[in-house]
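Asker: this one's structure only:
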């Protein structure tokens, strides 16, 4: 069973579909349809209030305009000869609730799930982008170091023709060069013709 709490004329009423009720006078013609302001909607265990009330509509039809029962008002002040008697009948409107509907909530639930799924996918995409950027940066750094090593090798090989001796050339020159002391020692060990004749 579903019902709604509506507000009209400064009062609240519990209404169901097909129910007839008297409310404060509404300035509409007989037979006109009016929409009442819902404050709460209950359908079994499903309760809708607050923001969900925008999906609830309560339609009613104006059956007719009536006047409430006669109310007697008496005013009396003793010893002063003051007596007043008046009456009052409240202006009312009889309504018949024709429909209480709740818009499809499945669409709203699907609309809520879609942003949640997008929010869950967004961090994963960001992490993948960061990982891809890091790998690209590492690859570019490796390429730069290899390029630097390749560029330094030709410079080392080109330095020999300019007159700069390499380590191998220096070793060969040292092996072929004899010092003055070695030459003097060899001359001292070789006998001269004069010394051989005197002996």
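Answerer: Received, thanks. All of these numbers come straight from a predicted model, not from anything done at the bench.
Asker: beta partners of residue 75?
Answerer: Beta bridges link residue 75 to residue 84, judged by DSSP bridges.
Asker: how near is it to residue 95?
Answerer: 35 Å (Cβ to Cβ, to the nearest Å). Where you see a C-beta, it was placed from the backbone N, CA and C, and this is true even at glycine.
Asker: next one: residue 11
Answerer: Distance, residue 11 to residue 95, by Cβ to Cβ: 13 Å.
Asker: higher neighbour count, those two?
Answerer: Higher neighbour count among residue 11 and residue 95: residue 95, with 26 against 9, using other Cβ atoms under 10 Å.
Asker: List the strands paired with the strand or helix carrying the more buried one, with their directions.
Answerer: Take DSSP states H and E as the rule and residue 95 turns out to sit in strand 91-102. If you go by DSSP bridges, strand 91-102 pairs up with strand 20-24 (antiparallel), strand 56-67 (antiparallel).
Asker: Including mean pLDDT and mean neighbour count, could those go into JSON lines?
Answerer: Below are the strands paired with strand 91-102 laid out as JSON lines (pLDDT from 0 to 100; neighbours: other Cβ atoms under 10 Å):
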{"stretch": "strand 20-24", "mean pLDDT": "96", "mean neighbour count": "15"}
{"stretch": "strand 56-67", "mean pLDDT": "96", "mean neighbour count": "17"}
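Asker: about what we covered before: so for the strand holding residue 95, what gets flagged as buried?
Answerer: 92, 93, 94, 95, 96, 97, 100, 102 (16 or more other Cβ atoms under 10 Å).
Asker: Check what contacts it and list those residues.
Answerer: Under the criterion Cβ atoms under 8 Å, 6 or more residues apart in numbering, residues 2-4, 15-26, 28, 33-34, 36, 41, 43, 48, 55-68 lie in contact with strand 91-102.
Asker: pLDDT-wise, what's the bottom of the buried residues of strand 91-102?
Answerer: pLDDT across the buried residues of strand 91-102 is lowest for residue 102, at 90.
Asker: who does it bridge with?
Answerer: Beta-bridge partners recorded for residue 102 (DSSP bridges): residue 56.
Asker: for residue 21, same thing?
Answerer: Once the bridges are assigned, which here means DSSP bridges, residue 21 pairs with residue 95.
Asker: How about the contacts made by it?
Answerer: So residue 21 contacts 13, 15, 94, 95, 97 (Cβ under 8 Å, 6+ apart).
Asker: I'd like these written out as TSV, with distance to residue 87 added.
Answerer: Below are the contacts of residue 21 laid out as TSV (distance: Cβ to Cβ, whole Å):
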residue	distance to residue 87
13	26
15	30
94	22
95	26
97	31
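Asker: Mind listing the residues bridging to residue 48?
Answerer: When assigned by DSSP bridges, residue 48 has beta-bridge partners residue 41.
Asker: Fine, thanks again, bye for now.
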